[in-house]
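Q: Next comes the sequence, and after it the predicted model I'd like to discuss.
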Amino acid sequence: MNSKNILIKVNQLYKIFGDGDKSALDLVKNGMGKDELLEKSNCVLGLNNINLNINRGKIQVVMGLSGSGKSTLIRHLNRLIEPTSGEILFNDTNILNLSSKELIQFRQNNMSMVFQKFALFPHKTVLQNVGYGLAIQNISKDEWSEKAQKWIKRVGLDGYETYYPGQLSGGMQQRVGLARALATDAEILLMDEAFSALDPLIRSEMQNILLDLQSELHKTIIFITHDLDEALKIGDRIAILRDGSMVQDSDPQEIIMNPADEYVSDFIKDINRARVIQAKSIMTPTNTKSSGATVKEDMVLEDILQIMSDAPSKPVTIENSKGKVTGKIEMVNLIEGMKRPKSLGTNITG
Amino acid sequence: MDWFFNFPDMSRSDLREFKKTVDFAFTDFSRTYGQGIEEFFEPLLMFLVWFEKLFINTPWPVIIFSILLLSWIGSRSILIVVGTFLSFMLIGYFGMWEDTMSTLAIILVATFLCIAIGIPLGIAMARSNKVQAAIVPILDVMQTIPSFVYLIPVVMLLGIGKVPGLIAVCIYAIPPIVRLTNLGIRLVDKDVLEAADSFGANYWQKLFGVQMPLALPTIFAGVNQTIMMALAMVVIASMIGVKGLGLPVLRAISNQYLALGLMNGLAIVILAIIFDRVTQKFGLRMQKYRNEGKD
């Protein structure tokens, strides 16, 4: 990836919770794992040698089970948590070297955050909540309330300006949270399991709102989740954490087609492969047209199956977004693609 | 085996020496600095006298009207306003108007002082665990030490009068406001504070924009408790020369005047109930956002 596109670069980041974290750091660097460290030095390994490049204008998903360190990682990016060692570069500035004044500036201008439990100010109205990030920058009330108003409208909460968060439903509260984060016009949006506390329908709706906004705003979004479907739906790239270590960081398609280890395989075991795997992941590359229909390379297998069922013997032609032929898919490829890889076992009744 | 049955205490003469030394030291201290300290409190005394006069000399209908207005602003409850009106009419009818005004004056000043000192102290405690660890034992002492014990040095220093009485009341009444300010700020949801942090709020913006407003109901419970405890000290303060409802009670105790004691005692109770109801209602109204449904 072109280094100009990289907005945030995380280099060899370690976080160890507990006393004597410096000596514990040496132990971890020499290869000691989480459980052993807890036993030997009573320190908890939060992050273990994290390296991550986050691209400008993309949605980087960080996934993992609870306790895997994903929330810890996202809080390092705006220094709500201080690392034990490592560096975080934002446009070549090491965030960790910022003085407390510079850090406040940085948080006000460059990053905003959406929280799992919404974390709205219960004593402020929707308008005051959304305008909070601006109001603390000593911007005049007219100015911030106008901007806040705009974002309230954008997330569809028109008319709720004078309500208190306690009077709104969970989904509406998180829209306030999203509007509050967007209102500061920060380039980077940190979303810490932002939709996890919502019920499935509302969650899906919020994901659509986010994607819709993203197609227009092109923010750099770091999105934490433990839900693979959500990760696949919105992620441009997915990083998977386990016990504080990065297990895999790649394209969503790559995660499904080539899981790095058992842990990742476990993660993707239950997804509906036909609905997420795209044509380009299983096609046989060629630039000659095949006998069947022509489809885009990001079409999912389920839809291709639908098309091919009319003429199963004819392979379909795959073309890229510019209309150039890039490959072909035969029925046998489709079946192969929907099947779980061997390492995942053949437990179909599962 | 003598040491086993009799505690190996210091000899009687040593003990007498020890007490004498402490007493003389303090007497010397109060001789040297008493004058200065008294002068230091002179403005406070002037203010107390003026404030009490203000209450006593203002015509009673004006006072009652102001009190009713305040209780309406505080509580927004007709029931409480009517109750307040009847209570004050009764107090006046039974000839306790002037004493009640004196008590009201000193209670208000004491409460104001406690809030002015107590809230910043509570904020400092909430900010640092070390400060908290240092102040909590002092508050414990202030709350449990018999009031008569600290009356001795106060009276030695400042003599008998309004100021030592006020100080005694404040020592007794300040702990709840300090404790509850500290508690209220510490109980503010960590997630909400994290949100404020993530948007780049500085310490003061967090304190006044988030922590204090969210801690306000708890802080208000502290104010309420402080007022109640100040009222409870009225009788003891009257022993060192504070005028008001406590003095007749004191007289009633020494002369076994049942009716006098009862009447003035009940007047204190009435004041306490009015203060309590009004401040509680006010505290509830401030956290309206917590329990109001959609409108």
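A: Good, I have the coordinates. Numbers count the residues shown, from 1 in each chain, chains lettered A, B, ... in the order given.

Q: contacting residues for the residue of the stretch 101-250 of chain B found nearest chain A?
A: Nearest residue of the stretch 101-250 of chain B to chain A (Cβ to the nearest Cβ) works out as B:Gly200 at 3.5 Å. Using the backbone N, CA and C atoms, a C-beta is placed for each residue, glycine as well. With contact set as Cβ atoms under 8 Å, 6 or more residues apart in numbering or on different chains, B:Gly200 has these partners: A:Leu103, A:Ile104, A:Gln105, A:Phe106, A:Arg107, A:Gln108, A:Asn109, A:Gly133, A:Ile136, A:Gln137.

Q: Assign a three-state SS to it, would you?
A: Using DSSP: H, G, I helix; E, B strand; the rest coil, the secondary structure recorded for B:Gly200 is coil.

Q: Please parse chain A into its domains.
A: Domains of chain A are assigned by automatic domain parsing as A:56-87+A:95-110+A:186-268, A:273-344.

Q: Point out the most buried one among those.
A: domain A:56-87+A:95-110+A:186-268 (a mean of 19; mean count of other Cβ atoms under 10 Å in any protein chain shown).

Q: Is chain B within reach of that domain?
A: Yes: applying Cβ under 8 Å from any Cβ of the partner chain, one finds that domain A:56-87+A:95-110+A:186-268 is in contact with chain B at A:Asn78, A:Leu80, A:Leu103, A:Ile104, A:Gln105, A:Phe106, A:Arg107, A:Gln108, A:Asn109, A:Leu190.

Q: Just give me the least confident of the residues you listed.
A: pLDDT across those is lowest for A:Asn78, at 90.

Q: Tell me who's in contact with that residue.
A: So A:Asn78 contacts A:Ile95, A:Phe106, A:Arg107, A:Met111, A:Met113, A:Leu190, B:Ser198 (Cβ under 8 Å, 6+ apart).

Q: next one: A:Pro83
A: A:Leu13, A:Tyr14, A:Lys15, A:Leu47, A:His76, A:Leu96.

Q: what about it, helix or strand, and which?
A: Remark: A:Pro83 resides in no helix or strand, with elements defined by DSSP states H and E.

Q: I'd like the distance between it and chain B.
A: Remark: distance between A:Pro83 and chain B (Cβ to the nearest Cβ, to the nearest Å) = 16 Å.

Q: pLDDT value on that residue, please?
A: What the model reports for A:Pro83 is a pLDDT of 91.

Q: I figured B:Arg186 hits B:Asn129, correct?
A: No: contact criterion Cβ atoms under 8 Å: B:Arg186 and B:Asn129 do not qualify, at 10.0 Å.

Q: And the helices in the stretch 251-350 of chain A, which stretches?
A: For the stretch 251-350 of chain A, the helices defined by DSSP state H, counting those that start in this stretch cover A:252-257, A:262-268, A:273-276, A:279-282, A:301-308, A:331-338.

Q: I'd like the contacts of A:Asn78 laid out as TSV, including distance to A:Leu120 and secondary structure.
A: TSV is the format used below for the contacts of A:Asn78 (distance: Cβ to Cβ, whole Å; DSSP: H, G, I helix; E, B strand; the rest coil):
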residue	distance to A:Leu120	secondary structure
A:Ile95	26	helix
A:Phe106	23	helix
A:Arg107	18	helix
A:Met111	18	strand
A:Met113	12	strand
A:Leu190	16	strand
B:Ser198	13	helix
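
Q: Just name the closest of these to B:Met1, please.
A: Looking at the contacts of A:Asn78 and their distance to B:Met1, the nearest is B:Ser198, at 70.7 Å (Cβ to Cβ).

Q: follow-up on the earlier one: which ones among the contacts of A:Pro83 map onto strands?
A: A:Leu13, A:Tyr14, A:Lys15, A:Leu47 (DSSP state E).

Q: CSV for those, including pLDDT and neighbour count?
A: CSV is the format used below for the ones in strands among the contacts of A:Pro83 (pLDDT from 0 to 100; neighbours: other Cβ atoms under 10 Å in any protein chain shown):
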residue, pLDDT, neighbour count
A:Leu13, 92, 25
A:Tyr14, 91, 20
A:Lys15, 91, 25
A:Leu47, 91, 28
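
Q: Pipe the helices of the stretch 251-350 of chain A into JSON lines and attach mean pLDDT and distance to A:Glu39 per row.
A: Shown next, in JSON lines, are the helices of the stretch 251-350 of chain A (pLDDT from 0 to 100; distance: least, Cβ to Cβ, whole Å):
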{"stretch": "helix A:252-257", "mean pLDDT": "88", "distance to A:Glu39": "32"}
{"stretch": "helix A:262-268", "mean pLDDT": "84", "distance to A:Glu39": "22"}
{"stretch": "helix A:273-276", "mean pLDDT": "85", "distance to A:Glu39": "40"}
{"stretch": "helix A:279-282", "mean pLDDT": "87", "distance to A:Glu39": "42"}
{"stretch": "helix A:301-308", "mean pLDDT": "88", "distance to A:Glu39": "46"}
{"stretch": "helix A:331-338", "mean pLDDT": "86", "distance to A:Glu39": "44"}
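
Q: and those helices as JSON lines, adding distance to B:Ser147?
A: Below are the helices of the stretch 251-350 of chain A laid out as JSON lines (distance: least, Cβ to Cβ, whole Å):
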{"stretch": "helix A:252-257", "distance to B:Ser147": "72"}
{"stretch": "helix A:262-268", "distance to B:Ser147": "67"}
{"stretch": "helix A:273-276", "distance to B:Ser147": "75"}
{"stretch": "helix A:279-282", "distance to B:Ser147": "81"}
{"stretch": "helix A:301-308", "distance to B:Ser147": "81"}
{"stretch": "helix A:331-338", "distance to B:Ser147": "83"}
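
Q: wait, doesn't A:Met111 sit right on A:Arg79?
A: No: with contact defined as Cβ under 8 Å, A:Met111 does not count as touching A:Arg79 (9.6 Å).

Q: which phi and psi does the residue of the stretch 101-250 of chain B closest to chain A have?
A: phi 80, psi 30 (degrees, to the nearest 10).

Q: Can you give me the pLDDT of it?
A: The predicted local confidence for B:Gly200 is 93.

Q: Would you mind measuring from it to A:Gly64?
A: Separation of B:Gly200 from A:Gly64 (Cβ to Cβ, to the nearest Å) stands at 28 Å.

Q: Could you do B:Thr32 as well?
A: Plainly put, B:Thr32 is 70 Å away from A:Gly64 if you go by Cβ to Cβ.

Q: again, but for B:Leu90
A: Using Cβ to Cβ, B:Leu90 is found at 70 Å from A:Gly64.

Q: Next: B:Ile117.
A: In this view, B:Ile117 and A:Gly64 are 50 Å apart by Cβ to Cβ.

Q: And B:Val154, by the same measure?
A: For B:Val154, the distance to A:Gly64 - Cβ to Cβ - is 63 Å.

Q: show me what contacts A:Leu96?
A: A:Leu96 sits next to A:Arg79, A:Glu82, A:Pro83, A:Gly86, A:Glu87, A:Ile88 when contact means Cβ under 8 Å, 6+ apart.
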